[in-house]
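*Asks:* Make a model of this:
(chains A and B)
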Amino acid sequence: MRGILKLAYKLLVNDKAKFTALIVGITFSVFLMVQMMAMFAGILNRASATVLNVGAPIWIMDPAVQTVANTIGMPDYVLDAVRSMQGVNYAVPFYSGGALVKLADGTYQSVTIMGLDDTTLFGRPPLLEGKLEDIYGENAFVVVKDTEFRKLENPSVGTQFEVNDNRGVIVGIAEVSSASLFGVPTLYTTYYRALQYLPNPRFTISYVLAEPKQASDIPRIKQQVQALGYLALTRDEFMDRISDFYKYQTNIGTNILIMTVMSFIVGLSISGQTFYTFVLENLEKFGALKAMGAKSRELISMILFQASFTALAGYGLGIGLCALLISLARVRLPDYAAMITYWDLVFAFVMVVIIAGVSSYFGVRRVLRIEPFEIFRG
Amino acid sequence: MATPAITAAGIDKFFGEGEARTQALRGVSLQAYFGEMLYIVGPSGSGKTTLLSVLSGILRPDSGSVAVEGTEIWKLGGDQLADFRLHKIGFVFQDYHLFPRLTTAENVAIPLILKRVSWSQAIASALKYLEVVGLKNRADLPPVKLSGGEQQRVAIARAITGQPDILIMDEPTASLDGDTGQAIVEFVKKNVLNDKRSILIVTHDSRIYQFATRVLKMEDGRLMAIEKGGPPV
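*Replies:* Numbering: from 1, shown residues only, chains lettered A, B, ... in the order given. Next up is the predicted model:
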């Protein structure tokens, strides 16, 4: 069979024009599909950046919260109640809110301010510059060095600014694993300073961050929080909830899905039509092979091999092209929001298999129908 | 020439249905022997190619039987019939049907590749047969770079590389000028025909009759006359 497959390979790749058209069709189809999904995955990842960066195992929130930025304040007793629950190792308050910062040149810049528990500083980011204990100093803030950092005029330790007519001082520069989706710089401070500096509603705790004593305590903690009228989610569940919001309650997911389907259809059309034309052009040759004694299953193997080889080559090139583009984009935009996930690869692979299957199906049908006698008759 | 390679008896073949139904073969019976070069001649539409297809296991007759070396080929299943063609029959098609994307040597090697001979062995064997037809120096060229006569010789090399007992040639001189056509058939008679092989040729070309052992004339689906050699059955 190897010889027959080699024959199929040579018939395919030696027809350079058709082979190139096939490869280009599938490559761009895969590229478009994966790029769309990678962009969406990047957006979803960024949307959950705070959850990833803070890293708390359990997030307790108002049940109406859909995204991490869409906070609804909870009363202080929730924190006390959670701390009293069975199975909770510890629980701390967490503040997340937006503010306007007045920079040294008099311009204003929107920022996200994270208020960390004063006692534990749970969820703090690792510092690149400065000392962590300085966050307890007067007016102290830690700034995150991400792509939005420059919007604060590239501050350094000691840089001053104003927040609601309060003086702020940068005491540390931090890094986080994932930059935020919303295009504004992030400042960290203590929970109580955040409450002092920012206008507050009646209830001030954005989230209660908790850790269970054991993983098996999580269901019980969830039940107890639910009994309070609030919602407890694990980190992954919260990220899924945020993803679901962007997928199903905004048009982003729908649009990405439409674009992905369109990419698939374009790829299927180009590759399917080109491959079918390739088979049609070689139909007499397949008929001659049949006359010479090739069995139907051998001809099917040849066509499936040709379709699969083209599809896999196009798949590899498409993924490579996508990775290259994302890498190039990151040279210019270090936090370019696109990431190729394993699911993207699996999905694109399945789509490519479908393209190969559909393309070869029609070719196989024609080849099986060709009668060697027609070759004889010319 | 005593042993029959092919024995066909009472072959009928119809095409179409209803009012368009026509009978292409009408009770054709013949024998082809090892060591002979049997021509089937006749006007267009007389059923020559249909008969050749039935005899070579390509087209199933509506009635009658075909025995090749004692095996009733139309009682074989699909894969068995394909194996029969692969091992017993060599085809030289009228339009050659060489693969333009393969080299000449690869074209010649195809029957061996279908027989699951390894690629390198098949190519090595193909080169030997290309040498037989005088085209070894063209082995690496694609067939489109060859002249019509050379392409015909490549087709012959391909047909015999699997060492078939029966060689079927459909209008072997149709695409060639007179001298080249005669040279090709003469070459086949000298170099390809032997006591263990039977060659059946369908042709219009009376200039090559001189090389035939027997010439049978078909008309309107029947074997009408013997133009050369002994009786057909």
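*Asks:* How about the helix or strand hosting B:Ile40 and chain A, touching?
*Replies:* In the assignment (DSSP states H and E), B:Ile40 maps to strand B:37-41. No. With CB under 8 Å from any CB of the partner chain as the criterion, chain A is not reached by strand B:37-41; the gap is at least 12.9 Å. Any C-beta I mention is one placed from the backbone N, CA and C, and that applies to glycine too.
*Asks:* next one: stretch B:66-73
*Replies:* No. Stretch B:66-73 does not reach chain A (CB under 8 Å from any CB); its nearest approach is 12.5 Å.
*Asks:* what's in contact with that stretch?
*Replies:* B:5-8, B:11, B:54-55, B:57, B:65, B:74, B:81, B:84, B:88, B:165-166 (CB atoms under 8 Å, 6 or more residues apart in numbering or on different chains).
*Asks:* And for stretch A:202-221?
*Replies:* Counting by CB under 8 Å, 6+ apart, A:54, A:56-61, A:71, A:73-76, A:78-79, A:82, A:85-97, A:115, A:117, A:122-123, A:195, A:232, A:234 sit against stretch A:202-221.
*Asks:* In space, what's closest to the residue of chain B at minimum distance from chain A - neighbours in sequence excluded?
*Replies:* Across chain B, the shortest distance to chain A (CB to the nearest CB) belongs to B:Leu86, at 2.6 Å. Leaving aside its chain neighbours, B:Leu86 sits nearest to A:Gly293 (2.6 Å; criterion: CB to CB, 6 or more residues apart in numbering or on different chains).
*Asks:* which parts of chain B sit against chain A?
*Replies:* B:49-50, B:52-53, B:58-59, B:78-79, B:82-87, B:89, B:91, B:93-95, B:97, B:99, B:101-102, B:106, B:110-111, B:113-114, B:116-119, B:122, B:170.
*Asks:* Please list only the buried members of these.
*Replies:* Buried by 16 or more other CB atoms under 10 Å in any protein chain shown: B:49-50, B:52-53, B:58-59, B:82-86, B:89, B:91, B:93-95, B:97, B:99, B:101-102, B:106, B:110-111, B:113-114, B:117, B:119, B:122, B:170, out of the residues of chain B next to chain A.
*Asks:* Contact partners for whichever residue of the stretch 101-250 of chain A sits closest to chain B?
*Replies:* Nearest residue of the stretch 101-250 of chain A to chain B, counting by CB to the nearest CB: A:Lys247, 46.9 Å away. Contacts for A:Lys247 were tallied using CB under 8 Å, 6+ apart; they are A:Leu44, A:Gly253.
*Asks:* Where does it sit, in terms of helix or strand?
*Replies:* Residue-wise, A:Lys247 maps onto helix A:235-248 under DSSP H and E.
*Asks:* Quick check: mean pLDDT of that helix?
*Replies:* Helix A:235-248 carries an average pLDDT of 90.
*Asks:* just how off-centre is the helix or strand just after that helix within its chain?
*Replies:* Using DSSP H and E, the helix or strand that follows helix A:235-248 in sequence is helix A:252-281. Offset of helix A:252-281 from its chain centre (CA atoms, centre = their mean, to the nearest Å): 23 Å.
*Asks:* Going by neighbour count, which residues in the helix or strand that comes right after helix A:252-281 are buried?
*Replies:* Next helix or strand after helix A:252-281 toward the C-terminus (DSSP H and E): helix A:283-292. By 16+ other CB under 10 Å, the buried positions in helix A:283-292 come out as A:Leu283, A:Glu284, A:Lys285, A:Phe286, A:Gly287, A:Ala288, A:Leu289, A:Lys290, A:Ala291, A:Met292.
*Asks:* The fifth one is in contact with A:Arg369, isn't it?
*Replies:* Spelled out, it's A:Gly287. No. Assessed by CB atoms under 8 Å, A:Gly287 is found out of contact with A:Arg369, at 9.9 Å.
*Asks:* quick revisit: name the pair among the buried residues of helix A:283-292 with the greatest separation in space.
*Replies:* Within the buried residues of helix A:283-292, A:Leu283 and A:Met292 form the most distant pair, 15.0 Å apart (CB to CB).
*Asks:* May I have the residues that are in contact with the residue of the stretch 201-350 of chain A at minimum distance from chain B?
*Replies:* Of all residues in the stretch 201-350 of chain A, the one sitting closest to chain B is A:Gly293 (2.6 Å; CB to the nearest CB). Residues in contact with A:Gly293 (CB under 8 Å, 6+ apart) are B:Ala82, B:Asp83, B:Phe84, B:Arg85, B:Leu86, B:His87, B:Ile89, B:Pro111, B:Leu114.
*Asks:* Read off the pLDDT value for the first one.
*Replies:* I take that to be B:Ala82. As predicted, B:Ala82 sits at a pLDDT of 91.
*Asks:* again with the last one
*Replies:* We have a pLDDT of 92 for B:Leu114.
*Asks:* check contacts around it.
*Replies:* Contacts of B:Leu114 by CB under 8 Å, 6+ apart are A:Ile4, A:Leu289, A:Met292, A:Gly293, A:Ala294, A:Glu298, B:Leu86, B:Gly162.
*Asks:* what pairs with the residue nearest to the spatial centre of chain B across the strands?
*Replies:* Chain B has B:Ile168 as the residue nearest its centroid, 0.8 Å off, counting by CA atoms, centre = their mean. Beta-bridge partners of B:Ile168, counted by DSSP bridges, are B:Phe91, B:Leu200.
*Asks:* ok, now B:Leu216?
*Replies:* B:Ile40, B:Ile226.
*Asks:* That one contacts B:Gln31, doesn't it?
*Replies:* No. With contacts counted by CB under 8 Å, B:Leu216 stays clear of B:Gln31, the gap being 10.5 Å.
*Asks:* closest to A:Leu11 among the contacts of A:Gly293?
*Replies:* B:Leu114 (13.7 Å).
*Asks:* re earlier: can you tell me which of the contacts of stretch B:66-73 are buried?
*Replies:* Those of the contacts of stretch B:66-73 that meet the buried threshold are B:5-8, B:11, B:54-55, B:57, B:74, B:81, B:84, B:88, B:165-166, by 16+ other CB under 10 Å.
*Asks:* Looking at these, which is nearest A:Phe264?
*Replies:* B:Leu81 (41.1 Å).
*Asks:* Just give the nearest non-adjacent residue to that closest one, would you?
*Replies:* Counting by CB to CB, 6+ apart, the residue nearest B:Leu81 is B:Gly57, at 5.3 Å.
*Asks:* Where does the prediction get shaky in chain B?
*Replies:* Low-confidence segments of chain B, defined by pLDDT under 70: B:1-2, B:225, B:227-233.
*Asks:* What ranges does it have for its strands?
*Replies:* Applying DSSP state E to chain B gives strands spanning B:4-15, B:22-33, B:37-41, B:63-68, B:71-72, B:89-92, B:166-170, B:198-203, B:214-219, B:222-228.
*Asks:* Give me every residue in chain A that's in contact range of chain B.
*Replies:* So chain A meets chain B at A:1-4, A:6-7, A:10-11, A:14-15, A:284-285, A:287-296, A:298, A:371-373, A:375-378 (CB under 8 Å from any CB).
*Asks:* hmm, which of the contacts of stretch A:202-221 are the buried ones?
*Replies:* Going by neighbour count (16+ other CB under 10 Å), those have A:54, A:56, A:58-61, A:71, A:74, A:78-79, A:82, A:85, A:87-88, A:91-97, A:115, A:117, A:122-123, A:195, A:232, A:234 buried.
*Asks:* any chance you could map the helices in the chain?
*Replies:* Let's take chain A. A:2-13, A:16-47, A:49-54, A:76-84, A:191-197, A:218-228, A:235-248, A:252-281, A:283-292, A:296-332, A:342-369, A:372-377 (DSSP state H).
*Asks:* that's the other chain; I wanted chain B
*Replies:* B:48-55, B:78-88, B:104-114, B:119-132, B:148-161, B:178-191.
*Asks:* Now distance to A:Lys151 too, for those helices, in a markdown table please.
*Replies:* Shown next, in a markdown table, are those (distance: least, CB to CB, whole Å):
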| stretch | distance to A:Lys151 |
| --- | --- |
| helix B:48-55 | 80 |
| helix B:78-88 | 73 |
| helix B:104-114 | 65 |
| helix B:119-132 | 64 |
| helix B:148-161 | 73 |
| helix B:178-191 | 83 |
